[in-house]
Structures are given as structure tokens and as C-alpha cells.
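Q: just need the structure, nothing else, for what follows:
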Amino acid sequence: MRIANVVLNDFTRDNRVLKITESLSAEGHEVTVVALHKEGLDREERRNGWRVNRVKVSTAALPRGTFFGILKMAELAWRVVWKWRDADAWHCNDIEAFVLGWCAQRLNPRLHLVYDCHEFESERNAKSKLERKLVGWLERRMIRRAAAVITVSPSIAAAYQERYSTYGMPNGLLVRNIPTPAVTLGAEPKPNRFRQRFDIPEGDFIALYQGAFSYNRGLETAVAAMEGLEDQGIHLVFMGYGPLQSLVDDAASRHAHVHVHPAVSYEEVLDHTLSADVGLVSVKPTCLSYLFCLPNKLFEYILAGVPVLSNDLPDCRALIESFGVGSIVAQDDAPGWRKALLNLKADGTAQFQSGLTQAAQDLSWAKEVVPLVELYAGLEDGPD
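A: Next up is the predicted model:
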């Protein structure tokens, strides 16, 4: 089957798209990631059994907003839809790609659309009320044209079913963002990358925030929580990149126990995560998409054997408590996080090791992707 895996970014750090592409390619499908071109990147790439095609879009530099978004989508429709209309299937990552896929299906009624919702699309962070209404309107009218709808957390799956079942939504698939481990726990001595890089003393406690330095991810609260912990042997390491880079850089310049590590490649993430004593999940529930999230970092911490400290997000709490791999912060503010970190340092993290061991056995991308692989096998074998 010829599959266009359509993602409207430059495909340099989208781990979910990479994992899905590699899994489908391994099953014998001819997969091409259709992404956006950015200066300095190759327009065409050939990788291990699959390809990348980056489309140059002249309107990409226009500012955000509904009007400019329409202009961008119009150019994308011109440049992407016509070229890839003859594929057997489009794997549409997010609503914008699904809209383009819907247009392509108008030209090729035999085209299968798989709608992969990386978030709760009509309830995303930083979307205006008009944008959210527009996304909901589009989903209500197009979702019946999908062969399948994929979601990333149980709560988002339930919300989609409740919201769109009367509009002909097909059965949903849950495919969580579980990484492909790049390390084998216990095979070698645990690395101390952060201690070595930042000269953190043995015995001091390392809390890690990894991922996007973005708004409503709790970075401000984490920084404020470190006030007053200067002499408590607790360090906070930020590893990633994003629009709040100046915030974390400033915190590191003011506090000797706050450190900033640059983002690392997907293959190196877990090898660095191993060096922490606890991983932080601090997403602010400012929208339903964030309230119902199961972020990549949660699974990365767990599969690296690192306990999790999270604020009270229902799906995160359910996963953490089901395996016994961490704690929930009772009060999601600076004093609450500060108290939780002090308690964890005092109590130690040995209590979570059996749960982490069990989770490492039960959680894997190889298991998680099985329903998706079966879906595409069914599409390939189905009636014309």
C-alpha cells in the first residue's frame, strides 16, 4: 500500500510520525512522509525503506491567525493535494492534514483517510474561540470520511466518541506516545550525564523537566518552586527547547541549582533521562486537550526507569497509579511542588522500582502499534 504520512511541520523532531512510518514500512508498505520544507533541510530524503518529501510553501512565514491560516491551507492544497491524490492512503497528522486529505479524497474516492489526532483538536492550547469552533465544524462534517480515528489518551478517545458518534465517526483506535527504548535498563551502569555536565554532587537529588519550553507546560511554576531550595540538595534540569528559552536561561543564571541542557536527538533522549532521580509532568490544564493529555515525557521517564512527579491530570494519574511509578502533587503551585520534591528526596524513590520494572515490561511501542498495523492490513486487503 502506498501511504502518504502527512505532517505539517518540517519533520525534524516529530517522534510519533517517525515511529508510525518505520512500523508501517516494516510491514511492507511504501511510506512517504510529506512534510514542510525549511531552509537548510533536504527536499527529498531516502531512509531505511521509506522516504521524506518536504514541500516548499511560500506562505509559511505568514503570521498565525484564521485569515492567514486559510491562505496557507490554500497553497498547501495546491502543492500537496494534487501531487499525492493518487496514494492508497493518507495518514493525516492533526486537523490541517485531515482537511487536505478530505480534499484529496474528493479527487480520488478510493483514497483511505486515517485521522491521527495528536491532541484533542478542537480543544487545543492557544487556539482562539473562533479557531476551536472552526475545527469542531470541520470535524463534524468530515469525520465520517475517515477509515479510522486515532487518539493518544483514553479521555480524548472517549471525548471524540461522545462528541462525534452521531456524525458517523468510525471506531476509534488508541495509540499512545510510547517511545521505542534506546537503552536496556540494568545492562550497564546508570549514566550520570547531568551530574558530570553540571558538576552536581553525588547524593544530591535531580529533578528533570524534558520537552518543549512552551506556554502552559508549568515551567514558570517549576522555576518558582526552586526558590528556597538552594541549600536542600535538590537540582532542576531543563532539557529541551522552545519559546520560553529565555525563562529557563534566566533561572539558571540566577540559581546554581537550576540547569539548562540543550535538546538531544530522539535516539539519545532516554540515555539522558536515565541520569535523573525524578521526571516532572507539569502541564497546566488550561484546555481539555491539556487536561486529558498523556505526554511523551511521561512514557520516556517511565521507560528510562525514572519515577514521575505529576500534577493532577486524570489520564496521567491513572497510568502512574496503575503501575505505582510516581506521585501526584497535591497542590499545583510553587509551594506544592516544592513540598513534593522535598518529600521525594527525603523518602527516596526505591518504593517505585517494582512498578517501573513492571511498566517497562508492559509498555512498549511494539505492542502499542499493533492495532494500527492491523488497521492498514485491513485497508490493503479490503474491497476496492
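Q: show me where pLDDT drops low in this structure?
A: 64-67, 182-189, 382-384 (pLDDT under 70).
Q: next, name the residue at the spatial heart of it.
A: Nearest residue to the geometric centre of the chain (CA atoms, centre = their mean): residue 296, 4.6 Å.
Q: please name the residues that touch the residue lying closest to that one once chain neighbours are set aside.
A: Spatial nearest neighbour of residue 296, excluding adjacent residues (CB to CB, 6 or more residues apart in numbering): residue 177 at 4.6 Å. Yep, even glycine has a C-beta here, placed from its N, CA and C like the rest. Counting by CB atoms under 8 Å, 6 or more residues apart in numbering, residue 177 touches 15, 16, 152, 294, 295, 296, 299.
Q: one more time with 10 Å, if that's ok
A: With contacts defined as CB atoms under 10 Å, 6 or more residues apart in numbering, residue 177 is in contact with 15-16, 19, 118, 152-153, 293-300, 365, 368.
Q: near residue 378, how many other residues are there?
A: 12 (other CB atoms under 10 Å).
Q: ugh, wrong one, I meant residue 49
A: 14.
Q: correct me if wrong: it contacts residue 22.
A: Yes. Using CB atoms under 10 Å, residue 49 is in contact with residue 22, at 8.1 Å.
Q: so what's in contact with those two at the same time?
A: residue 31.
Q: residues contacting residue 14?
A: Neighbours of residue 14 in contact, by CB under 10 Å, 6+ apart: 5, 7, 20, 21, 33, 35, 93, 118, 266.
Q: for it, give its distance to residue 177.
A: From residue 14 across to residue 177, the span is 11 Å (CB to CB, to the nearest Å).
Q: before we move on, what about residue 284?
A: 19 Å.
Q: which residues touch the residue nearest to the centre of the chain?
A: 15, 16, 152, 176, 177, 178, 179, 210, 211, 212, 266, 269.
Q: looking at those, which are in strands?
A: 210, 211, 212 (DSSP state E).
Q: what's the local residue count around the second one?
A: The one in question is residue 211. Using other CB under 10 Å: residue 211 sits among 25 other residues.
Q: how about the contacts made by it?
A: With CB under 10 Å, 6+ apart, residue 211 has these contacts: 217, 219, 238-242, 263, 269, 279-283, 295-298, 300.
Q: now, those residues that are in strands?
A: Per DSSP E, the contacts of residue 211 map to strands at 238, 239, 240, 241, 279, 280, 281.
Q: any idea how far the residue nearest to residue 296 is from residue 297?
A: 9 Å.
Q: between these two, which contacts overlap?
A: Counting by CB under 10 Å, 6+ apart, nothing touches both residue 177 and residue 297.
Q: secondary structure class for residue 286?
A: Classification of residue 286 by DSSP: H, G, I helix; E, B strand; the rest coil places it in coil.
Q: for the nearest residue to residue 93 once chain neighbours are set aside, which residues are in contact?
A: Leaving aside its sequence neighbours, residue 93 sits nearest to residue 7 (CB to CB, 6+ apart; 4.3 Å). Neighbour list for residue 7: 14, 16-18, 20-21, 33-36, 91-94, 96-97, 116, 118 [criterion: CB under 10 Å, 6+ apart].
Q: over to residue 355?
A: 302, 307, 320, 321, 322, 323, 324, 325, 326.
Q: state the pair within those residues that is farthest apart.
A: The span of those, defined through CB to CB, is set by 307 and 322 at 14.3 Å.
Q: between these two, who's got more neighbours?
A: residue 307 (24 against 12).
Q: hang on, the more buried one packs against residue 349?
A: Yes. Using CB under 10 Å, residue 307 is in contact with residue 349, at 4.7 Å.
Q: what is in contact with these two at once?
A: Applying CB under 10 Å, 6+ apart, one finds that residue 307 and residue 349 are jointly contacted by 277, 278, 325, 326, 327, 356.
Q: list the contacts for the fifth one?
A: With contacts taken as CB under 10 Å, 6+ apart, residue 327 has the following neighbours: 278, 307-310, 320-321, 340, 343-344, 347, 349, 351-352.
Q: these, buried ones only, as a ChimeraX selection?
A: Buried members of the contacts of residue 327, defined by 16 or more other CB atoms under 10 Å, are picked up in ChimeraX with:
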select :278,307,308,309,310,320,340,344,349,352
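Q: helices - which of the contacts of residue 327 land there?
A: Counting by DSSP state H, the contacts of residue 327 place 320, 321, 340, 343, 344, 347 in helices.
Q: what's the neighbour count on the nearest residue to the second one once chain neighbours are set aside?
A: Going back to what we said before, that points to residue 321. Sequence neighbours aside, residue 328 is the residue nearest to residue 321 in space, at 7.8 Å (criterion: CB to CB, 6+ apart). Here the count is done by other CB under 10 Å, and residue 328 has 17 residues near it.
Q: distance-wise, check residue 328 relative to residue 78.
A: 48 Å.
Q: could you do residue 330 as well?
A: 53 Å.
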